[in-house]
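Novice: pasting the structure only:
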Ligand SMILES: [K+]
Ligand SMILES: [K+]
């Protein structure tokens, strides 16, 4: 009973912290993003009005003008786009569909392109019910396999610095090494590659893309191979799928190594009380 | 050494299965989605051409017409929209930003609205580095707490049907009960509520939205409160955030219950070989 009470209290504290965290996040995002949005909205309204005046002067009906703007927007949001000057690929080529399937089962889900037919939606549900557990199990197994060289590194660190530091300190150094390798090989170098392939991505954009993808958030504001005039788009999309899967393994390896250190295992803040009270 | 070989082989088999699964998924998605896309692309091209002819006849420059279409599309994809007839809210209101922060730390990440300033992107990275582990720890703790009533249910099932079924069968019945409760209270009823609030969502759309959200894929093709002429959008967005968090807890509870059954624990297919070989 006392144990239950303690757990409940800790969870309540956690919920309170989460609400405050969301509240602060909301305020900061509005502060950072709203000014640009306001400028862009006003610029767009001006632009729309100029065209409206111009078309009205040419005796085109007002409702038709409004409809034109709405229709182009709807098409854009549904991923429909035809460029007269370019031989633009459709969204649902094999490479794009492969990439889409990969983002589904890894739960990244960019969603720039998404199923629009009823059968497509039903198949998405069915595909994920099987695919997500499969992917999770496979990635976990690969991570378990990758931990062996990681453990060897730790053994090496222990051998070399065991007389200088405590076991806990060596764990910290080990996590630091894994983190450094992660930052260089999974974030910095791929971000550099993406920013050089994609014309309109800055380095920060590419880094932000890698981060948002490998945390499986997958906002989809940046998506590799989205530019219709890129060459080898299909192959590029498949390579991006491979990058995602390998990157996710590395992220899981790092988190596993991090959570091995008791001080970093946040869950134990809530669960520890159970053990202590027993 | 034999153990390593066995693990490696199983992982290779798993990778092969995953590749085939992606391959099949890609083919099915192209089959299901491409016909509709083709029709829509052609309809859009016709529409664009009609307007082009009409505007060319009115002696508007061709490059200007092309630019008009591109500009409206870019604005739509960047979430910029002003409707003359409606007092449309901006994207970055408090409610929307709260919802956005919630989708970030739960890794759902719809991405219809996403940060566009450099500071916004940097803050997103910082916010997630702290927020995602915090949310994960909190949700795990809540799920651990929720397992107590779930265990009580299993005890009850054992008491009532223990003389009829084996322990393993009772586990199956228990998972079935949890799954039924999940389907009704987390999917069917919320989907019904969403489809009645959102005018243009069918029931399938709403169910698909719930599924895609609570698996944390979050494609963002459907997002509650996206319609600018809805009332109480801010409050609705906050309620949707609460639904997401509660729904995720229920999903984690179900998966935890499912993975307790050895037959359903896919990871053990790969890891079991380690134990067996020792
Ligand atoms: K996601
Ligand atoms: K997403």
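Specialist: Sure thing, it's come through. Since we're looking at a predicted model, the values are computed, not measured. Residues are numbered from 1 along each chain as shown, chains lettered A, B, ... in the order given. Ligands and ions are numbered 1, 2, ... in the order given.
Novice: Using the record's assignment, carve chain A into domains.
Specialist: With domains defined by automatic domain parsing, chain A comprises A:1-77, A:91-277.
Novice: which residues are in contact with stretch A:182-193?
Specialist: The contact list for stretch A:182-193, computed with C-beta atoms under 8 Å, 6 or more residues apart in numbering or on different chains, reads A:203, A:206-207, A:209-211, A:214, A:243, A:246-247, A:250-251, A:254. Any C-beta I mention is one placed from the backbone N, CA and C, and that applies to glycine too.
Novice: can you check stretch A:28-37 too?
Specialist: Stretch A:28-37 is contacted from outside by B:79-80, B:90-94, B:97, B:100-101, B:115-117, B:119-120, B:123, B:127, using C-beta under 8 Å, 6+ apart.
Novice: cool, and stretch A:227-242?
Specialist: A:81, A:83, A:86, A:88-89, A:93-96, A:98-99, A:102-103, A:197-200, A:224-225, B:22.
Novice: Tell me which entries of the residues you listed lie within helices.
Specialist: Counted as lying in helices by DSSP state H, out of the contacts of stretch A:227-242, are A:94-96, A:98-99, A:102-103, A:197, B:22.
Novice: that older thread, which of the domains of chain A is buried the deepest?
Specialist: Greatest average neighbour count among these goes to domain A:91-277 (a mean of 18), per mean count of other C-beta atoms under 10 Å in any protein chain shown.
Novice: Helix or strand: which one has the closest residue to residue A:118 other than its chain neighbours?
Specialist: Excluding its sequence neighbours, the residue lying closest to residue A:118 (C-beta to C-beta, 6 or more residues apart in numbering or on different chains) is residue B:204, at 6.1 Å. Assessed by DSSP states H and E, residue B:204 sits inside helix B:203-214.
Novice: and that helix, what does it pack onto?
Specialist: helix A:118-161, helix B:189-197, helix B:233-259 (3 or more C-beta pairs under 8 Å, 6 or more residues apart in numbering or on different chains; DSSP states H and E).
Novice: For the residue of the stretch 51-200 of chain A found nearest ligand 1, which residues are in contact?
Specialist: Residue of the stretch 51-200 of chain A nearest ligand 1, by C-beta to the ion: residue A:109 (4.4 Å). Residues counted as contacts of residue A:109 (C-beta under 8 Å, 6+ apart) are A:103, A:218, A:220, B:109, B:212, B:216-220.
Novice: swap the cut-off to 6 Å and go again
Specialist: Residue A:109 sits next to A:103, A:218, B:217-219 when contact means C-beta atoms under 6 Å, 6 or more residues apart in numbering or on different chains.
Novice: separation between it and ligand 2?
Specialist: Computed as C-beta to the ion, to the nearest Å, the residue A:109 to ligand 2 distance reads 4 Å.
Novice: helix, strand or coil for that residue?
Specialist: Here residue A:109 is recorded as coil under DSSP: H, G, I helix; E, B strand; the rest coil.
Novice: pLDDT wise, what is it at?
Specialist: pLDDT for residue A:109: 89.
Novice: Quick check: residues of the stretch 51-200 of chain A near ligand 2?
Specialist: residue A:109 (C-beta under 5 Å from the ion).
Novice: Which residues of the stretch 51-200 of chain A lie near ligand 1?
Specialist: Within the stretch 51-200 of chain A, the positions near ligand 1 by C-beta under 5 Å from the ion are residue A:109.
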